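predicted model follows, preceded by the sequence.
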Amino acid sequence: MTRRDDGEKSNDEEIAITEVSAEVLEELSHLFGGTQGDEDSVEVVVVEATDETSVVSADVTTGHTVAIGKDLTPMAEVISLISEPGLEPDLTPAPADPLLTPMSQRGDVMEVVDDRGGTVVIVDDEMDRVVIVDEDRPDPRFEERQRRHKRRERLRKVKWFKLTLGISVLVAIVLGVLASPLFAIRNVVFEGNVYTSAQTIEDVTNLLEGTSVFTADTSAARDKVLEDPWVSEVRITTDFPGSALVEVAERVPVVWYVGEDQRARVIDARGFIIAVLEGWPTKYLQVTGTGASLEAGSFADDVYRAAAQLVLALPDEIRGRVKSLELAGGGELSMILKEGTIVRFGPPTDLQNKLVAVVVLFRRQDPATLLVVDVSTGNPTVQVR
């Protein structure tokens, strides 16, 4: 073993080793002589040291003596390890890695071809630095698959576009044929209309005539009919090849009253004002008294709705005897019979039970013999003539 030159001491300086024990010599013989079986192949020579030079030479590869010493310290002995010829270590390079077989070397550049067809280039410009450059060469099969995929996508889009365009054209043709004058409505028939205004019938007829039975706006025609206060419900159907049927359900008038403007208001069982008349109707029962001057299509007060429902609930045996209904102050309701008998119902509440009490009484006693029947409290009280 030698030391490097440090600039202050000469290359001739040597390290002196003194008092080398037998154990150290044996360990050195094992280190430089290979295996234990070859102990005789290395010779250890101990020589006398001088003051000027102390040497321990051992070279297992060439057999030369390497000087190890220090001139300042006298050595008692010098150890020389000399290997015999034919026992030099094998410095033959190891066989090449088979994985690097496809490698070709050009100067300081090595190319390795991977299994995908790409090339990995290793540039070795300096011994202490390795730069890896990957020159990726795309797989032609991959590019072909990409082109095929893009072509399929374009064909798919073109196919859907053609399909959508064809459907749109077909729908347009069908709608054009259905809306043509070949299927126009030429006859409009109304059923169930009694009090429906002639103006309403004319407007609906003009709305439907000339349109196709397949595309006629029956919803708009229905709304037009329902604008008439007499109409409660309507159904419109079209018949091939060119007709339309309008079925009307009109409201049923029940009672009427006089408004502050001295015009009669005809109402149904819901209190809906069907019509406003200049004269006084004779087909319906009158609720005497003066009410609000409301227009047709609006709802009257609750007391008039209660009077209409009472009239509808009257049994036939009593309905024929009723002359009119009377609305007194405070909203109390009374019924006047043709014989002059007055039936007082009081507030328009619990009219069903009150009417049952009146029916039972009239079946037990002739109404003509009674002057006043009061059922406002729920228990009938009678005043005889």
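Here it is on my side, so go on. Residues are numbered from 1 along each chain as shown.

all strands of the stretch 201-350 of the chain, in order?
Along the stretch 201-350 of the chain, the segments classed as strands by DSSP state E, counting those that start in this stretch run 231-239, 243-250, 255-259, 264-267, 273-277, 285-291, 322-327, 333-337, 342-346.

what comes up buried for the first one?
In other words, strand 231-239. 231-232, 234, 236, 238 (16 or more other Cβ atoms under 10 Å). Any C-beta I mention is one placed from the backbone N, CA and C, and that applies to glycine too.

by contact count, what packs against it?
helix 218-226, strand 243-250 (3 or more Cβ pairs under 8 Å, 6 or more residues apart in numbering; DSSP states H and E).

okay, buried residues for the shortest one please.
Read that as strand 243-250. 244, 246, 248, 250.

if we can go back for a sec, redo the strands of the stretch 201-350 of the chain as TSV? Include distance to G297.
Output for those, formatted as TSV (distance: least, Cβ to Cβ, whole Å):
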stretch	distance to G297
strand 231-239	11
strand 243-250	14
strand 255-259	15
strand 264-267	11
strand 273-277	7
strand 285-291	16
strand 322-327	22
strand 333-337	25
strand 342-346	29
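
can you put these in JSON lines and add mean pLDDT and distance to S219?
Listed next are the strands of the stretch 201-350 of the chain as JSON lines, based on pLDDT from 0 to 100; distance: least, Cβ to Cβ, whole Å:
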{"stretch": "strand 231-239", "mean pLDDT": "93", "distance to S219": "9"}
{"stretch": "strand 243-250", "mean pLDDT": "95", "distance to S219": "13"}
{"stretch": "strand 255-259", "mean pLDDT": "94", "distance to S219": "33"}
{"stretch": "strand 264-267", "mean pLDDT": "95", "distance to S219": "29"}
{"stretch": "strand 273-277", "mean pLDDT": "95", "distance to S219": "24"}
{"stretch": "strand 285-291", "mean pLDDT": "91", "distance to S219": "36"}
{"stretch": "strand 322-327", "mean pLDDT": "93", "distance to S219": "40"}
{"stretch": "strand 333-337", "mean pLDDT": "94", "distance to S219": "41"}
{"stretch": "strand 342-346", "mean pLDDT": "94", "distance to S219": "44"}
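
so which of these is nearest N379?
strand 342-346 (11.7 Å; Cβ to Cβ).

ok and whatever helix or strand comes next after that closest one relative to strand 333-337, angle-wise?
Later in the chain than strand 342-346, the nearest helix or strand by DSSP states H and E is helix 351-364. The directions of helix 351-364 and strand 333-337 differ by 30 degrees, with axes from the mean of the first three to the mean of the last three Cα atoms, to 10 degrees as the criterion.

output the contacting helices and strands for helix 351-364.
helix 302-313, helix 316-319, strand 342-346.

ok, now which ones touch S197?
Residues near S197 by Cβ atoms under 8 Å, 6 or more residues apart in numbering: 228, 230.

swap in 10 Å and give it another go.
203, 227-231, 275 (Cβ atoms under 10 Å, 6 or more residues apart in numbering).

now N206
188, 221, 224.

neighbours around the second one, how many?
One way to gauge burial is a neighbour count; for A221, by other Cβ atoms under 10 Å, it gives 22.

could you check how far it is from L182?
21 Å (Cβ to Cβ, to the nearest Å).

surely V372 is in a helix?
No. The assignment for V372 (DSSP: H, G, I helix; E, B strand; the rest coil) gives strand, which keeps it out of a helix.

show the pLDDT at it.
Here, the pLDDT recorded for V372 equals 94.

hmm, back to that, mind putting the helices and strands packed on helix 351-364 in a markdown table, mean neighbour count and distance to E295 included?
Formatted as a markdown table, the helices and strands packed on helix 351-364 follow (neighbours: other Cβ atoms under 10 Å; distance: least, Cβ to Cβ, whole Å):
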| stretch | mean neighbour count | distance to E295 |
| --- | --- | --- |
| helix 302-313 | 20 | 15 |
| helix 316-319 | 12 | 30 |
| strand 342-346 | 21 | 29 |
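
so which elements touch the helix or strand hosting E143?
Taking DSSP H and E as the criterion, E143 maps to helix 140-178. Helix 140-178 sits against no helix or strand, with contacts defined as 3 or more Cβ pairs under 10 Å, 6 or more residues apart in numbering; DSSP states H and E.

give me the domain ranges for this protein.
22-83, 101-135, 185-250, 258-384 (automatic domain parsing).

next one: A198 relative to V252, how far apart?
Taken as Cβ to Cβ, the span from A198 to V252 is 21 Å.

of these two, which one has the most company?
V252 (12 against 8).

where in the stretch 101-250 of the chain is pLDDT low?
Within the stretch 101-250 of the chain, the stretches with pLDDT under 70 are 101-139, 177-180.

can you redo the helices and strands packed on strand 231-239 as JSON lines with distance to G176?
Converted to JSON lines, the helices and strands packed on strand 231-239 look like this (distance: least, Cβ to Cβ, whole Å):
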{"stretch": "helix 218-226", "distance to G176": "20"}
{"stretch": "strand 243-250", "distance to G176": "21"}
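
tell me which of these sits nearest to F161.
helix 218-226 (35.0 Å).

quick check: beta-bridge partners of V246?
Note on V246: beta-bridge partners by DSSP bridges are F190, I236.

residues touching it, list them.
Neighbours of V246 in contact, by Cβ under 10 Å, 6+ apart: 188-193, 196, 201, 204-205, 208, 218, 221-222, 225, 234-237.

hang on, the earlier thing: what's the closest of the contacts of N206 to D301?
K224 (29.7 Å).

so how many other residues sit close to that closest one?
Around K224 there are 18 residues (other Cβ under 10 Å).

pull out the buried positions in stretch 276-288.
Of the residues in stretch 276-288, those buried (16+ other Cβ under 10 Å) are 276, 284-287.

ignore the last one, stretch 164-178
Buried residues in stretch 164-178 (16+ other Cβ under 10 Å): none.
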